[in-house]
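S.K.: Return atomic coordinates for the entry below.
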Amino acid sequence: MASSTSTPTRPRPPRKPPRPAIERQIDAAIKRWEAAGLVEPTTWKGAPLLRTPLPAGPDVVFDTDAVERVLKFFALLRQLIGRWSGRRFVLLDWQVRYLVAPVFGLKSKTTGHRIIRTVWFEIPRKNGKSTLCSGLALYLFAADREQGAQVYTAAGDRSQAGIVFGPCRDMAAGSPELARTLGKGIRRHYLEHPRTRSILRALSSDGARQQGLNVHGAIIDEVHVHKTPDLIDALETGVGSRTQPLVIFITTADDGADGSVYATKREYLEGIAAGTIDDRTFLGVVFGVDHTGPGFDPFADASLIAANPGIDITVMLDYLQAKAAEARQSPAQLNRYLRLHLNIRTKQTTRWLSLAAWDAAAGELDIDQAFRGRPCYGGLDLSSTTDFSAFAFVSPLDTEGYSAHVLHWLPEQRADELERRTGVPLNRWRDEGWLRFTEGNVVDYAQVRADIKAEAERIGAVLLEVAFDPWNAAETVNEMQNDGLTMVPIRQGYASLSNPAKELERLVMGSTVAAPLLVHGANPVLRWQADNVEVHQDPAGNIKPAKPDRRKSSKRIDGIAAVVNALARAMLRPPPKKARRAAGF
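M.R.: A predicted model of the protein is given here:
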């Protein structure tokens, strides 16, 4: 007799989302190229730590012939060093999948030109990045069908620039086909193509003398050692007359210095990867190990393998194990080991809020329901006169949590410059109503005050207190007090900010889509800043948001700072049963 108790059905694991069609096309092409001997298969089964999305849409096509042309060009070259010396230069599968195929294969159906114009390729040492990019520089110079191409290898100093250029020269001389084509154009310090009049040469970091370049291709090596952006700016601004230029940054991680050339570019990549910046012409690929994951062991073989796709081909596991052993015994070597061999940025502040959790907290912000006739706390964060300012309305929900409505201001004449620096669509956000411009090139504090008053009346907020950063706020605070508001200074140190910062962290990280605890309505300006914000922590475990140096960093966190200021007062007391309307508002 069969039992009446049914066997419980084992839950199926969640399905992985389907891979984009372009990626499937690339994988299929790589298999064909492996069979044809144009790509070397490897045993590395990992994935980059960070990667920007590939261009997509009906206008994007994958040109396999264009990629195959690059692979066949590499096959004309010979490896120069180590156990591979003298062998045909066959690219590895991961090099093609994550760099060569997207860059040279993704084209606009409309123009027929390459879509990707800028590449950030970050990877630990000894994974063959310099040799790979020497080959790419040679291709852009000699085989990219560009008349009068100017291609440059650039670095922080002349010797570093030669690390990429030297193999270019030697591989050209060692290739019978290229040597025959270039002839006397192979010089000690530069290469010249006699038919196309193209050139390939090394540049060092004296960017002030490099204006007027007409750049078709540039390989910028070890970005983290560039002390100023001058040379990079000269190269990036020199591509304007080319139809499909390509600037490739190759580097390992830096030491976490804020505002460096490396940090600015890395912030831009992270914004694209997070979806806060939209730039389909930029491809970013970062190889490394996730040191924030549970049970992370920097000395384990698994960590070494995850970070190094060239394992046991371009870099030997026993070499990395030796470096790990040195770092384990010598704290002085640890940061260098983490940075060079696991590609971990050292000495950096900690990224604070998960963007997935932030999005889960968005909720539906109904202004009338959230603020009208309800007690509300304000948070004010005034900028220096030339940058963002923000004001947050924060009101307790009937259940746990808060609603947050944040205003942002920016001087109109600074918008285009800041849009270029930050990479976010400031003008579009203004048109959509998320950002307000004030006239002129400095913040009009009178307009800020008027806007706050008008918005409070529009949404019916009962502003009980306004918490503010006292720096640079004296005149504005006096005027707001004259309007009848209760203004409360919040010093920007650990003692004042740790509790509200931890409360913000709890609200965001504890949110779900079904039960958001900080309903902010998916304000895109605030979302961008939530992705930017980092925290400092003192030895006692207190935290505070890390405000970037505006002169050096493209990050902005003013709206988050305003929310933290408001929470500093809102979390101190439960909402009163009957809210009393503040005088003047």
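S.K.: only C-alpha atoms for contact and neighbour calcs from this point on.
M.R.: OK.
S.K.: Quick check: the gap between the closest residue to residue 481 other than its chain neighbours and residue 457.
M.R.: Nearest in space to residue 481, with sequence neighbours left out and distances taken as C-alpha to C-alpha, 6 or more residues apart in numbering, is residue 487 at 6.5 Å. Distance, residue 487 to residue 457, using C-alpha to C-alpha, to the nearest Å: 18 Å.
S.K.: before we move on, the earlier item: burial measure for the residue nearest to residue 481, as a count.
M.R.: 18 (other C-alpha atoms under 10 Å).
S.K.: show me what contacts it?
M.R.: 465, 466, 467, 468, 477, 480, 481 (C-alpha atoms under 8 Å, 6 or more residues apart in numbering).
S.K.: Pull the contacting residues for residue 494.
M.R.: By C-alpha under 8 Å, 6+ apart, the neighbours of residue 494 are 538, 542, 543, 544.
S.K.: how about a cut-off of 10 Å?
M.R.: For residue 494, the contacting residues are 501, 536, 537, 538, 540, 541, 542, 543, 544, 545, by C-alpha atoms under 10 Å, 6 or more residues apart in numbering.
S.K.: In helices, which of those residues fall?
M.R.: Counting by DSSP state H, the part of the contacts of residue 494 found in helices is residue 501.
S.K.: domain assignment for this protein?
M.R.: 21-286, 301-347, 355-570 (automatic domain parsing).
S.K.: and residue 292, which of the ones you listed is closest to it?
M.R.: Closest to residue 292 of these is domain 301-347 (C-alpha to C-alpha; 10.3 Å).
S.K.: For that closest one, what does the pLDDT average out to?
M.R.: On average, the pLDDT along domain 301-347 is 88.
S.K.: same check, this time on stretch 411-431
M.R.: The average pLDDT for stretch 411-431 rounds to 90.
S.K.: how far is stretch 159-176 from where the chain is centred?
M.R.: On the basis of C-alpha atoms, centre = their mean, to the nearest Å, stretch 159-176 sits 31 Å off its chain's mean C-alpha point.
S.K.: Check which element follows the lengthiest strand in the chain along the chain.
M.R.: In the chain, taking DSSP state E as the definition, the longest strand is strand 402-411. Sequence order places helix 415-422 as the next helix or strand after strand 402-411, per DSSP states H and E.
S.K.: Show me which positions of that next one end up buried.
M.R.: Within helix 415-422, the residues scored as buried using 16 or more other C-alpha atoms under 10 Å are 415, 418, 422.
S.K.: Check stretch 234-246 too.
M.R.: Across stretch 234-246, burial judged by 16+ other C-alpha under 10 Å covers 234, 235, 236, 238, 239, 244, 245, 246.
S.K.: what's the answer for stretch 261-278, then?
M.R.: For stretch 261-278, burial by neighbour count (16+ other C-alpha under 10 Å) applies to 261-277.
S.K.: and if you look at stretch 490-510?
M.R.: Result for stretch 490-510 [16+ other C-alpha under 10 Å]: buried residues 490, 492, 494, 496-501, 503-505, 507-510.
S.K.: Need the mean per-residue confidence for that stretch.
M.R.: The pLDDT scores in stretch 490-510 average 91.
S.K.: Kindly report the same for stretch 353-371.
M.R.: Taken as a whole, stretch 353-371 has an average pLDDT of 87.
S.K.: Can I get that stretch as PDB, trimmed to CA atoms?
M.R.: What follows is stretch 353-371, C-alpha atoms only, in PDB (Å, rounded to 0.1, in the frame of the first residue of the first chain):
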ATOM      1  CA  LEU A 353      26.400  50.900   1.000                       C
ATOM      2  CA  SER A 354      25.400  48.000  -1.200                       C
ATOM      3  CA  LEU A 355      23.800  49.500  -4.300                       C
ATOM      4  CA  ALA A 356      21.500  46.400  -4.500                       C
ATOM      5  CA  ALA A 357      20.300  47.200  -1.000                       C
ATOM      6  CA  TRP A 358      19.900  50.900  -1.800                       C
ATOM      7  CA  ASP A 359      17.700  50.000  -4.700                       C
ATOM      8  CA  ALA A 360      15.700  47.700  -2.600                       C
ATOM      9  CA  ALA A 361      15.000  50.500  -0.200                       C
ATOM     10  CA  ALA A 362      13.700  52.900  -2.900                       C
ATOM     11  CA  GLY A 363      10.000  52.100  -2.500                       C
ATOM     12  CA  GLU A 364       7.200  54.300  -3.900                       C
ATOM     13  CA  LEU A 365       7.700  57.800  -2.400                       C
ATOM     14  CA  ASP A 366       4.200  59.400  -2.300                       C
ATOM     15  CA  ILE A 367       4.900  63.000  -1.300                       C
ATOM     16  CA  ASP A 368       1.400  63.700   0.100                       C
ATOM     17  CA  GLN A 369       1.300  60.500   2.100                       C
ATOM     18  CA  ALA A 370       4.900  60.800   3.300                       C
ATOM     19  CA  PHE A 371       5.100  64.400   4.500                       C
END
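S.K.: I am finished for the moment; much appreciated.
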